[in-house]
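> got a sequence here, can you build the structure:
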Amino acid sequence: MTDFVICATRSMKGYAEEVSQKLAKFPRFAGKIDQFGWADLLKVKRFADYEIEVEVKSSVRGKHVILFASCAQNDARKAAVSSAEAKIELYHSVDALKRGQPEKITVFEPFISCSRSDRATRRNSVGLWTHLKTLAGMGANHVITYQLHSDKSKFMLDPTICAMDNIPAMTLLQQRLCDAYIQDLRKLETEVRENWAFCSVDAGGEKEARLFANSFGAPLVVAHKQRDLSKENTVDSIYILSAEPLEGKTLWIVDDIVDTAGSVETLARALAPLRPKEINILAVHAPFSPPAAERLARLSREGILNRIMVTDTVCTDALREKMPGIEIASSTWLSARVINSIITHSPMGDLLLEFKAPAYLNSPALWHYAPDEARQAGSRED
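Numbering: from 1, shown residues only. I've put the predicted structure just below:
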């Protein structure tokens, strides 16, 4: 087993500590959290002119360094760091760690905030390509993330220079639906398949919505939206495509990212006249940039929106402050499982499997990411 250390930039210290605690529950790491859980390994110095410098407080020579980082907005964290500063801190951290001569540097960025900047459509920069190229150029050997905005994005890196793993995180939401709202096969077959439907937020998101529809055996609804490309984060109109009436159904809008919530608000208002029983939102990443909280709260007050379920790839403190009733599916067990696989050189193929609700409800223990002795606690953990 490789000698390793877990550390984090300021915006991800809390998350890294949680992952370290989960990892310590795996048999081979039991009682060793003090040896690898160094969330405070990095020290940031800020100068009067707002420049920064990162110092590595202990030796990392010959170790596999796993660096948790996030460049998303995190205004509710104790150490509020702007997106721009968080990105510069990440680059400085990789540089400082590389100078310490580690065996390997793995950057674990659960949500890559620039992932939507993944194509050149005009005379524009490509933010994701710039970010990944910078990390590789600074010396990162491996980048891990959850649910990239586009499958093609994982090919932006040359694997001979820097490997990349894009771990599906929709499974976390699918498990949460089974645990909280379905619980047994009878309900899946008699209620869910007849009364639920999964709706894409746009034509590009049909693949993600179809995964849910296929997994739960429920109908698929596709929303086709038209944008004015001269304006950012705006939707002109939405057309709903469905093979059957939606009246009386429980609708789940599926999206990989909810940023300003402009798309989901427009979609929810387009769905409401079709008289569904309720409208809910499922999203992996939830930056909730202004005015997202206000838009979603307004939909809730008007009785249009019922539930919002997301993962914790973006600061959960901020999410709970902005949306007190939000449901959060934890990704920390999954992150611990990924690290366990990397450090022990074990396959990660089972983490990439397509989720099937019937198989999960038959044998939930086979799908949970916690080790055997901690599975019962981890399976219901938020």
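
> strands along the stretch 51-200 of the chain, start to end?
For the stretch 51-200 of the chain, strands defined by DSSP state E, counting those that start in this stretch occupy the ranges 52-56, 64-68, 104-108, 142-146, 163-167, 196-200.

> would TSV of these with distance to I6, mean pLDDT and mean neighbour count be doable?
To be clear about C-beta, it is placed using only N, CA and C from the backbone, and glycine gets the same treatment. Compiled in TSV, these are given as follows (distance: least, Cβ to Cβ, whole Å; pLDDT from 0 to 100; neighbours: other Cβ atoms under 10 Å):
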stretch	distance to I6	mean pLDDT	mean neighbour count
strand 52-56	14	96	15
strand 64-68	5	96	25
strand 104-108	9	98	24
strand 142-146	13	97	22
strand 163-167	17	94	19
strand 196-200	36	97	25
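
> could these be laid out in TSV, adding distance to P219?
Putting these into TSV (distance: least, Cβ to Cβ, whole Å) gives the following:
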stretch	distance to P219
strand 52-56	50
strand 64-68	38
strand 104-108	36
strand 142-146	27
strand 163-167	28
strand 196-200	4
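
> so what's A163 bridging to?
H142 (DSSP bridges).

> hang on, it packs against L157?
Yes: taking contacts as Cβ atoms under 8 Å, A163 lies within contact range of L157: 7.5 Å.

> overlap of the contact sets of these two?
V143 (Cβ atoms under 8 Å, 6 or more residues apart in numbering).

> are we agreed that C7 is in a helix?
No: using DSSP: H, G, I helix; E, B strand; the rest coil, the assignment for C7 is strand, not a helix.

> tell me the pLDDT of it.
pLDDT, C7: 95.

> same thing with the one 10 residues further on?
Looking at E17, its pLDDT is 91.

> I'd like the next helix or strand past the helix or strand it falls within.
Assessed by DSSP states H and E, E17 sits inside helix 13-23. The helix or strand immediately downstream of helix 13-23 is helix 33-36, counting by DSSP H and E.

> who's in contact with that following helix?
Contacts for helix 33-36 (Cβ under 8 Å, 6+ apart): F4, V5, I6, S20, Q21, L23, A24, F29.

> for the closest residue to the third one other than its chain neighbours, give the beta-bridge partners.
For I6, ignoring the flanking residues on the chain, the nearest one in space by Cβ to Cβ, 6 or more residues apart in numbering is I66 at 4.9 Å. Per DSSP bridges, residues listed as beta-bridge partners of I66: I6, T106.

> surely I66 meets I339?
Yes: using Cβ under 8 Å, I66 is in contact with I339, at 6.1 Å.

> what is the helix holding E17 packed up against?
Here helix 13-23 touches strand 4-8, helix 33-36, strand 64-68, helix 332-343, going by 3 or more Cβ pairs under 8 Å, 6 or more residues apart in numbering; DSSP states H and E.

> which among those is found nearest to Q175?
Closest to Q175 of the helices and strands packed on helix 13-23 is helix 332-343 (Cβ to Cβ; 9.8 Å).

> tell me the buried residues in the helix or strand just after that closest one?
Downstream of helix 332-343, the next assigned helix or strand under DSSP H and E is helix 357-362. Within helix 357-362, the residues scored as buried using 16 or more other Cβ atoms under 10 Å are A357, Y360, L361.

> what's the mean pLDDT across stretch 289-309?
93.
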